[in-house]
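**Student:** Quick one: sequence plus predicted model below, questions after.
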Amino acid sequence: MNILEMTNIDKAFVGVQVLNNVSLRVEKGEVHALLGENGAGKSTLMNILTGVHKCDAGKVIFDGKDITNCSIAESDAAGIAFVHQELNLFNDLRVYENIFFGQELVSRFGTLKKNEMIKKCYEVFANMGVNIDPTVMVENLSASDKQTLEIAKAIFFDAKLLILDEPTTALTNEEIDHLFDLVNKLKSEGKTFIFISHKMPEIFRLSDSYTVLRNGEFIQTGKISEVTAQEVTSVMVGTSFDNAQVYKPRELKEEVLKTDRLSGTGFSNVSLSVKKGEILGITGLQGSGASEFLQCIFGENPVLSGSIEIAGDRMKNLTIHDAMKKGVAFLPSNRKENSVVPDGTILENMYISEHELSSARPVIRKPDEYRKYDAQKASLNIKAESPDNLILSLSGGNQQKVFFARWLNTDAEILLLDNPTQGIDVGAKAEIYKLILTLAESGKTVVVNSQEIPELQKVSDRCAVFYSGEVVKILSHEEITEHTVMMYATNAIELEEAKEQ
């Protein structure tokens, strides 16, 4: 029995057709994966379902009722909840205050029924099988508990359908296991989920059915058990997807980056040497210290002990500006919070670092910047209608290319990339891999942090594995396999070696 039927949905913005005759059917009590590259129309379709946008044509039936072009309040009342990738929580409020925000329980005298709200929170958490204190501040919760809290809010107000948008982005493997256990428990109780993700292993692990959108159109639907990840990926990108390794060895030159027993916030005693033209992969579980290591080299976090040498110069009291002047660039993992200037145009987002770096060029000459934009757009295959459009008009993959261009405009020679394909669809990922290899072939040095081992296999000459803040193993390209990396990243290798003794 279908709990949701969206039929022949059309939607255009300012004359641009973003959804064309799209249909989506979801059965009650299933996890339905909604798949497609960035820009495929997934978010627009979900925004129509939740009342954010009105469709131009088509019909939406939910739980037997016509809710076509309903409001946000009407969608909430019908039992539809959207758990966004960027969680909608107030960090400076307590857990119970977040759950009841806007719907507080009050006495007939207008006073808050604090104890009753706390009691009801305990009850819903107990029913979900989770252990969260309703009285703690949300800012003190882990990423997993914040995700659980969002789901709890929906369950508390009797949501029947929960839309999970990239829910595992900030979670560790253990936290992902916990989230999936919770989803499966709620599914067994009759709740329905729409699961939006780019991570094929998770899609195939959690989902029962799938629907693929491409370029605003319905492409295919079916049971997950009847397809392979390769087949689904090919349908998403519209061509036969080549999952073979794209790695190409190249001649490496002199050493350009060296750390000697470097310690900083979250990591310690890291000694690495990277050559010109080399791609060094680094990896580890969430909290392993790999991200903090890159931040320290860029001057974002202080050096606590040890040293950093860039192009033969030992850096003392390294700042971000110092790193930039030495030709170091940094793409942080959280693109939305740390890279995007949301009110800026594509052009402004591209030239911001160049003009921050050089006091000799305080005046921005737009004709020069447009020429640079045209060159970078062609070189990096940026898909954009106009450089004067807002950066938020681009898909995640094209935004990331703009940020690559931002740093290439500074003539950066060392690129520090922290999870550069996070939240990017499979087609754009392939383009980023090729771009990294092209930059290395041109003589750029790349240090790329990723928790996706197949990603490191595609680009890395070597891979440094972090565990508990330290580099525990450096693997050659041939040694980079999921099994080997995870043995070191989880410290399982120590257990294996102990057994052999």
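**Tutor:** Perfect, thanks for sending it. Fair warning: this is a prediction, and the values are worked out from it, not measured in the lab.

**Student:** Isn't residue 307 up against residue 264?
**Tutor:** No: using C-beta atoms under 8 Å, residue 307 is not in contact with residue 264; the gap is 11.6 Å. Any C-beta I mention is one placed from the backbone N, CA and C, and that applies to glycine too.

**Student:** Have a look at those two and say which one is more surrounded.
**Tutor:** A count of neighbours by other C-beta atoms under 10 Å puts residue 264 above the other of residue 307 and residue 264, at 23 against 15.

**Student:** what's near enough to touch the residue nearest to the more buried one when sequence neighbours are not counted?
**Tutor:** Of all residues not flanking residue 264 in the chain, residue 296 sits nearest, at 3.8 Å (C-beta to C-beta, 6 or more residues apart in numbering). Counting by C-beta atoms under 8 Å, 6 or more residues apart in numbering, residue 296 touches 262, 264-265, 267, 302-303, 308.

**Student:** Buried subset of these as a ChimeraX selection?
**Tutor:** A single ChimeraX command selects the buried members of the contacts of residue 296 (16 or more other C-beta atoms under 10 Å):
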select :262,264,265,267,303,308
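
**Student:** Show me which pair in the contacts of residue 296 is furthest apart.
**Tutor:** 265 and 308 (14.4 Å; C-beta to C-beta).

**Student:** okay, now the spatially closest residue to residue 30 that is not a sequence neighbour: neighbour count?
**Tutor:** Spatial nearest neighbour of residue 30, chain neighbours left out: residue 208 (4.2 Å); criterion: C-beta to C-beta, 6+ apart. A total of 17 residues lie near residue 208 under the criterion other C-beta under 10 Å.

**Student:** Double-check residue 208 against residue 226; I have them as touching.
**Tutor:** No: taking C-beta under 8 Å as the definition, residue 208 is not a contact partner of residue 226, at 11.0 Å.

**Student:** before we move on, back to that, next up, phi/psi of the residue nearest to residue 30, please.
**Tutor:** phi -100, psi -40 (degrees, to the nearest 10).

**Student:** For it, give its distance to residue 27.
**Tutor:** Noted for residue 208: a distance of 8 Å to residue 27, by C-beta to C-beta, to the nearest Å.

**Student:** got the contact list for residue 258?
**Tutor:** Counting by C-beta under 8 Å, 6+ apart, residue 258 makes contact with 272-274, 308-309.

**Student:** Model confidence for it, exactly?
**Tutor:** Looking at residue 258, its pLDDT reads 97.

**Student:** which residues in the stretch 51-200 of the chain form helices?
**Tutor:** Assigned by DSSP state H, counting those that start in this stretch, the stretch 51-200 of the chain shows helices spanning 72-78, 95-99, 114-128, 143-156, 173-188, 200-206.

**Student:** ranking these by mean pLDDT, which is last?
**Tutor:** Among the helices of the stretch 51-200 of the chain, helix 143-156 carries the lowest mean pLDDT, at a mean of 82.

**Student:** Output the lowest mean pLDDT helix or strand found in the protein.
**Tutor:** helix 492-500 (a mean of 60; mean pLDDT, DSSP states H and E).

**Student:** Give me the nearest residue to residue 35, chain neighbours excluded.
**Tutor:** Excluding the flanking residues, the one nearest residue 35 by C-beta to C-beta, 6+ apart is residue 212, at 4.8 Å.

**Student:** which parts of the one helix or strand the one you found maps to are buried?
**Tutor:** Using DSSP states H and E, the element containing residue 212 is strand 209-214. In terms of neighbour count (16+ other C-beta under 10 Å), strand 209-214 has its buried residues at 209-214.

**Student:** State the phi and psi torsions of the closest residue to residue 267 other than its chain neighbours.
**Tutor:** With C-beta to C-beta, 6+ apart as the criterion, residue 267 has its nearest non-adjacent residue at 3.2 Å, and that residue is residue 289. The phi/psi pair for residue 289 (degrees, to the nearest 10) reads phi 110, psi 0.

**Student:** what about residue 289, distance to residue 330?
**Tutor:** Between residue 289 and residue 330 the computed distance is 16 Å (C-beta to C-beta).

**Student:** What is the neighbour count of residue 66?
**Tutor:** 11.

**Student:** cool, residue 197 as well?
**Tutor:** Neighbour count of residue 197, defined by other C-beta under 10 Å: 21.

**Student:** hang on, it packs against residue 166?
**Tutor:** Yes: the pair residue 197 / residue 166 is scored as a contact, 5.9 Å apart, by C-beta under 8 Å.

**Student:** For the closest residue to residue 141 other than its chain neighbours, give me its contacts.
**Tutor:** Computed as C-beta to C-beta, 6+ apart, the closest residue to residue 141 that is not its neighbour in sequence is residue 149, at 6.7 Å. Contacts for residue 149 (C-beta under 8 Å, 6+ apart) come out as 89, 95, 98-99, 132, 138, 141.
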